[in-house]
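Chemist: generate a structure from the sequence data that follows.
(one chain, ligands or ions: 1)
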Amino acid sequence: MRSFIPYSKQQITDDDIAVVCAAMKGEYLTGGTAVSEFEKALCKYIGVKHVVVMNSATSALHVAYLALGVGVGDEVITTPITFAATANAALMCGADVKFCDVKDDGNIDENLIQKLITSKTKVITAVDFGGNAVAIDEILKIARQNGLKLIDDASHALGSEIDGVKVGNHADISIFSFHAIKPITTFEGGAIATNSDEYANLARLYRSHGIVKTELWDSDMSELGYNYRLSDVACVLGQNQLKRLDDMIAVREKIARYYDERFKSQTKFSIVKIEPNKRSARHLYVVLLSEKLAQKKAEIFKKLHEMGVGVQVHYKPTYKFSYYKQKYGEIYLKNAENFYLRELSLPCHQSMSDDDAKYVADTFLSVLDEFGN
Ligand SMILES: *Cc1c(COP(=O)(O)O)cnc(C)c1O
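Modeler: The predicted structure follows:
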């Protein structure tokens, strides 16, 4: 029997295992030189001045909001079509979140941001959904015109580009995730990328208790910080994975193009096209079912899983979680609702063979045929 093909999956090579084993025999399991080496490699890859790695993207988001001075009484504008952590981290700082509706590709609609801005707004947080970069220039312009800061939650988008420039260079602070199934992994992990010395310094402080060594045994704690550090063992894995990132993206790109070709003349669903001036890390391959088929999505999902095709749905709009309903009451954003209703992410990852991709496309098309149109 064919094994289940998940929508995304890590790739761990023998070489990854070897570097991790070597690091475990090293002098420092954490707090050693592997951390800054991984950070340097990421700076070079992205083309950005500073990278500060942390133990998750959620930690990185929290630190980013703190570094931008987000606190009680402030508002953050973000998209509901993201993992909960994007908004949660703003709440952790005591701020409030205003949700902005999305476009057909699942990215925040830059044309709707302006009217959500109030005197309390401090930060706009965009998310490069599935690896497809947001309209960052337009969003940055809105931020600057209104004296706001911009965070780019690029958890899906390490390796994505706009006009040949890597995602991670445009916003005040960009966020990356190294969770197991994100573009590269350190088991759990994340990072901020920034060109600002000030934000990078603050991020380093918040990452490690707000404490700096002064002299001999003495130290000072100047901020209320956290322990958001990433271990050396995790960092060597990340650095080894980073060497293969472009190869892994190439595999995902090949699968995505194959799907595009297979799906180009059908009418049961639409696909999200990546604009020609962009490169996507292809974290997700997104299809949007027709309104009619979307009504049967639960059955389609079940049937595909039975047949070993591990589709997933990204994302339940954040404001639909009971916690957010209690906090903000009922919210309804038309495009976000419609996107959530219709969206399916098809398997697309570096551990899939050409034959796996063919099986996914064949199975997906035949299952949809069973359900009409
Ligand atoms: C995965 C993800 C996060 C959280 O990442 P962790 O590293 O698991 O904390 C945040 N934002 C987005 C968009 C994500 O996909």
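Chemist: what parts of the stretch 101-250 of the chain come near the ligand?
Modeler: 127, 153, 155-156, 177, 179, 182, 190 (CB under 6 Å from any ligand atom). Placement of C-beta: from N, CA and C, glycine included.
Chemist: mind giving me the PyMOL select for these, buried ones only?
Modeler: To isolate the buried ones among those in PyMOL, judged by 16 or more other CB atoms under 10 Å, type:
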select buried, resi 127+153+155+156+177+179+182+190
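Chemist: now, the residues of the stretch 101-250 of the chain next to the ligand that are in strands?
Modeler: 127, 153, 177, 190 (DSSP state E).
Chemist: grab the two from those that are most spread out in space.
Modeler: 127 and 190 (13.9 Å; CB to CB).
Chemist: turn the ones in strands among the residues of the stretch 101-250 of the chain next to the ligand into a markdown table, including distance to residue 285 and pLDDT.
Modeler: Formatted as a markdown table, those follow (distance: CB to CB, whole Å; pLDDT from 0 to 100):
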| residue | distance to residue 285 | pLDDT |
| --- | --- | --- |
| 127 | 17 | 98 |
| 153 | 20 | 99 |
| 177 | 18 | 98 |
| 190 | 23 | 98 |
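Chemist: low-scoring stretches of the protein, by residue?
Modeler: 1, 373 (pLDDT under 70).
Chemist: can you list the domains in it?
Modeler: 6-242, 245-370 (automatic domain parsing).
Chemist: out of these, deepest packed?
Modeler: With neighbours defined as mean count of other CB atoms under 10 Å, the domains of the chain peak in mean count at domain 6-242, which reaches a mean of 20.
Chemist: chain center to that domain, what's the gap?
Modeler: On the basis of CA atoms, centre = their mean, to the nearest Å, domain 6-242 sits 9 Å off its chain's mean C-alpha point.
Chemist: so how far is the first residue of it from its last?
Modeler: Distance across domain 6-242, first residue to last, is 22 Å (CA to CA, to the nearest Å).
Chemist: do the same with stretch 41-54
Modeler: Using CA to CA, first and last residues of stretch 41-54 are 15 Å apart.
Chemist: what's in contact with it?
Modeler: The contact list for stretch 41-54 (CB atoms under 8 Å, 6 or more residues apart in numbering) reads 35, 38-40, 60, 63, 158-159, 165-169, 174, 176, 178, 186, 189-197, 199-200, 203-204, 207, 228-230, 235, 238-239, 242, 245.
Chemist: which ones are touching the residue minimising distance to the centre of the chain?
Modeler: With distances taken as CA atoms, centre = their mean, residue 155 lies nearest the centre of the chain, 2.1 Å away. Going by CB under 8 Å, 6+ apart, residue 155 touches 57, 83, 127, 175-177, 179, 182, 190.
Chemist: what's the answer for residue 191, then?
Modeler: Residues near residue 191 by CB under 8 Å, 6+ apart: 39, 42, 51-54, 57, 60, 175-176, 178.
Chemist: show me which of those is closest to the ligand.
Modeler: residue 57 (3.2 Å; CB to the nearest ligand atom).
Chemist: that closest one and residue 192: what is the separation?
Modeler: 9 Å (CB to CB, to the nearest Å).
Chemist: joint contacts of these two?
Modeler: In contact with both residue 57 and residue 192: 175-176, using CB under 8 Å, 6+ apart.
Chemist: follow-up on the earlier one: may I see the residues of the stretch 101-250 of the chain next to the ligand organised as TSV, with distance to residue 17 added?
Modeler: Output for those, formatted as TSV (distance: CB to CB, whole Å):
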residue	distance to residue 17
127	32
153	30
155	25
156	26
177	22
179	19
182	19
190	22
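Chemist: now intersect the contacts of residue 191 with the strands, please.
Modeler: 51-54, 175-176.
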